[in-house]
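Undergrad: Take this sequence and fold it.
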Amino acid sequence: VASPVDQRSASVEGNASADLSEEQPRTTGRKRKKVGLLTQLGLLLRRNFTQTVRERRVQITRALGTTVLAFAFGSCHFKLGFGQKSIRRRAAVMLQICINSSLMATIKTLNSFPREKTVVQHELSKKRMDGTAPYGVGPYFLSKILVEAPIDALFPMLFGAIVGPLSGLNRRNRLPFLSTLALQGISASSLGMSVGAFAPSTETALAVGPIAMVLSIMLGDSGGMFAEIPKVLQPVSRFSVIKWGFDGVLASEFSGLRFTCDLDDDTLDDDSAIAREVRRRMCIETGEDVLESMGLAPASITSAAVNQAKLILYNLGATYMFLRLGGSGSSVQPFADIASAPLP
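TA: Numbers count the residues shown, from 1 in each chain. The predicted model follows:
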């Protein structure tokens with residue numbers, strides 16, 4: 001027998017009342033079966049994927065913007081060569097690529113995730129007939145990561161794939177270089193998610209996020225190529241999303257490179273043995289020497305990737321905690337409707 005509340009709801013819903021009355025006897029008087037985690041994950045994966053497909057115009061625009069920016073960047077640093085001056089220029093290009101990839105991924109996440117968080121909290125505040133939420137934070141969060149992480153990795157790789165040939169970067173280590181940039185994009189996006197989950201609004205997230213990125217940039221050059229980090233701040237630099245990406249691309253770029261000695265000394269006869277010896281001592285001949293001067297090695301590619309993965313896990317863990325502790329939303333617009341049935 002339907003309750004008075006059910007009868008009033010059915011009368012308001014009009015034509016839908018017939019369907020509800022058919023389902024009512026089946027659900028009244030017994031507990032509804034709990035939806036399993038795998039079922040929730042599958043439905044949420046489908047919803048997140050559908051949402052991503054519906055945003056394809058945004059993704060295409062983002063890809064075009066990345067391509068244009070990469071060609072402009074590669075043109076400004078066209079064919080760096082292998083002279084002594086190219087060493088510092090190559091390091092500068094690596095740092096700028098890391099900063100660009102991180103900023104684009106972070107700002108994108110800061111602009112979208114706080115709004116989505118409010119929608120999710122609003123949905124979780126709606127209880128099912130058995131008193132449980134329509135889905136769990138865990139399945140939602142995992143489905144979001146599985147769908148969006150490849151996209152976050154794609155755009156930094158696209159940027160690096162265009163800049164690399166234009167700037168004449170190390171071809172032999174192109175795959176480690178692009179892999180490091182992919183992790184850089186995911187790491188920066190995870191930072192944006194943790195800030196967005198903590199911030200109460202999009203405006204607050206967009207105010208706090210750039211501060212976190214500026215601090216990461218300031219603490220990113222731990223090798224001292226462009227600036228020295230005070231010893232008291234060196235432990236904190238381990239949490240910089242720029243540092244590990246910069247270390248990884250430096251190691252991938254300089255490993256195996258050899259540089260020409262093109263220094264000139266006008267005070268000495270170019271044909272003298274003394275002049276040749278002075279130039280030889282002043283010149284850096286191999287990329288390994290460059291890495292050694294910054295406290296790095298070719299194996300730093302692996303250690304940088306491991307530390308990038310740790311940062312990703314730290315930020316995702318913080319995001320999950322903030323989502324679990326977050327309150328319910330109000331007066332929000334739901335996700336875009338999908339053709340499939342809603343979550344049970």
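Undergrad: Any buried residues in the longest helix anywhere in the chain, and which?
TA: Counting residues, the longest helix found in the chain (DSSP state H) is helix 85-124. Buried residues in helix 85-124, counting neighbours by 16 or more other C-beta atoms under 10 Å, are found at 86-87, 90-91, 93-95, 97-110, 112-118, 120-124. All C-beta spots, glycine's among them, are computed from the backbone N, C-alpha and C.
Undergrad: Need the phi and psi values for Thr286.
TA: Note on Thr286: its backbone torsions stand at phi -130, psi 160 [degrees, to the nearest 10].
Undergrad: That one: how many residues sit nearby?
TA: 14 (other C-beta atoms under 10 Å).
Undergrad: Okay, and the beta partners of it?
TA: Arg258 (DSSP bridges).
Undergrad: shouldn't Arg324 be in contact with Phe141?
TA: No. Shown here, Arg324 and Phe141 do not form a contact pair, counting by C-beta atoms under 8 Å, at 9.4 Å.
Undergrad: which of those two has more neighbours?
TA: Phe141 (19 against 13).
Undergrad: what's the more buried one in contact with, if anything?
TA: 316, 319-320, 323 (C-beta atoms under 8 Å, 6 or more residues apart in numbering).
Undergrad: Please report how far Phe198 lies from Tyr320.
TA: In this view, Phe198 and Tyr320 are 12 Å apart by C-beta to C-beta, to the nearest Å.
Undergrad: quick one on the thing from earlier: which one among the contacts of Phe141 gets closest to Val137?
TA: Leu323 (5.1 Å; C-beta to C-beta).
Undergrad: Run a quick neighbour tally on the closest one.
TA: Counted with other C-beta under 10 Å, Leu323 comes out at 19.
Undergrad: Surely it is within a helix?
TA: Yes. Leu323 sits within a helix when classified using DSSP: H, G, I helix; E, B strand; the rest coil.
Undergrad: Quick check: closest non-adjacent residue to it.
TA: Val137 (5.1 Å; C-beta to C-beta, 6 or more residues apart in numbering).
Undergrad: Now do the same contact list for that neighbour.
TA: Counting by C-beta under 8 Å, 6+ apart, Val137 has contacts 120, 124, 320, 323-324.
Undergrad: Now the two most distant members of those residues.
TA: Leu124 and Tyr320, at 13.4 Å, using C-beta to C-beta across the contacts of Val137.
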